[in-house]
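K.L.:
Predicted model, plus sequence, below.
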Amino acid sequence: MPRPAATPAATPTTEPAEPAVSAPAEPVMPAARADSAPAAAAPAPPRAPARPTPVAAVHTISAATAVLLALVGIGAMIHEPVLIPSLAASAALVHSAPALPLAQPRGVVAGHMIGALTGFAVLAWLGSSPWAAAGAGGVTLALTLLARTPHSPGIATSVIVVLQTPSAKTFLPLLLGATVLLVLTGYLASRVRPGATRYPAYWW
């Protein structure tokens with residue numbers, strides 16, 4: 001018997017693949033040049049402080065003059081010189097620059113006392129001379145920096161002690177009282193005028 005013809009195997013049909021649609025490419029921004037970046041604004045050069053208003057100037061001058069006259073009056077009553085040049089410088093700092101560290105009570109009181117004690121120590125060791133006074137000023141500066149009591153008029157106090165040789169028994173108590181008076185008048189004066197900078201920024 002004849003064999004049946006073999007049925008050809010079905011060939012699998014392959015559907016053509018759809019072409020892949022790629023997403024539109026995002027536009028590439030050109031890199032910014034280094035020299036095109038905005039330059040930082042240069043800091044303003046330091047300048048002198050602004051001129052105070054007439055009211056503020058009158059208030060400051062009046063308060064400083066009043067405390068200096070008070071020191072003169074106290075000295076006249078007790079027949080002892082109370083006002084010394086370095087205290088006038090302290091009054092100027094307290095009333096015209098009340099926010100500075102140099103004007104704070106810690107520096108005013110302790111700075112003058114360190115200066116006076118240093119002056120008397122140098123006076124006892126080296127005697128009174130301009131050379132000794134200069135050395136006393138340098139030592140006072142070092143001590144006030146170490147003690148965190150910066151007050152430049154205190155350095156002048158040490159020089160005054162060496163050159164004028166006052167009595168320590170009268171000079172030291174009067175100096176302490178004068179510095180306390182300077183601080184108290186600065187405190188009161190800063191609260192009389194509305195808008196004035198409050199003094200002190202810190203006590204100690």
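P.N.:
Structure's in. What do you need?

K.L.:
quick one: low-confidence parts of the chain?
P.N.:
Across the chain, the ranges flagged by pLDDT under 70 are 1-42, 44.

K.L.:
residue contacts, the closest residue to V82 other than its chain neighbours?
P.N.:
Nearest residue to V82 in three dimensions, chain neighbours excluded: G75, at 3.7 Å (C-beta to C-beta, 6 or more residues apart in numbering). C-beta: built from backbone N, CA, C; applies to glycine. G75 makes contacts with 81-83, 174, as judged by C-beta atoms under 8 Å, 6 or more residues apart in numbering.

K.L.:
again, only using 7 Å
P.N.:
81-83 (C-beta atoms under 7 Å, 6 or more residues apart in numbering).

K.L.:
among the residues you listed, who's most crowded?
P.N.:
The member of these that has the most neighbours, counting by other C-beta atoms under 10 Å, is V82 with 21 neighbours.

K.L.:
Secondary structure class of T197, three-state.
P.N.:
Classification of T197 using DSSP: H, G, I helix; E, B strand; the rest coil returns coil.

K.L.:
quick one, phi/psi of it?
P.N.:
phi -70, psi 130 (degrees, to the nearest 10).

K.L.:
Contact partners for it?
P.N.:
T197 neighbours (C-beta under 7 Å, 6+ apart): 98-99, 190.

K.L.:
Tell me the buried residues within the residues you listed.
P.N.:
Neighbour-count burial (16 or more other C-beta atoms under 10 Å) is assigned, among the contacts of T197, to 98, 190.

K.L.:
residue ranges of the helices in this protein, please?
P.N.:
In the chain, the helices defined using DSSP state H lie at 54-78, 85-96, 105-126, 130-146, 152-164, 168-189.

K.L.:
what about dumping the CA coordinates of the second one to CSV?
P.N.:
Coordinates of each C-alpha in helix 85-96 appear next as CSV, following Å, rounded to 0.1, in the frame of the first residue of the first chain:
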residue,chain,number,x,y,z
PRO,A,85,43.1,112.9,82.5
SER,A,86,42.5,109.2,82.2
LEU,A,87,39.0,109.5,83.8
ALA,A,88,38.1,112.1,81.2
ALA,A,89,39.0,109.6,78.5
SER,A,90,36.8,107.0,80.2
ALA,A,91,33.9,109.4,80.3
ALA,A,92,34.2,110.0,76.6
LEU,A,93,34.2,106.3,75.9
VAL,A,94,31.2,105.6,78.2
HIS,A,95,29.0,108.3,76.8
SER,A,96,30.0,108.4,73.1
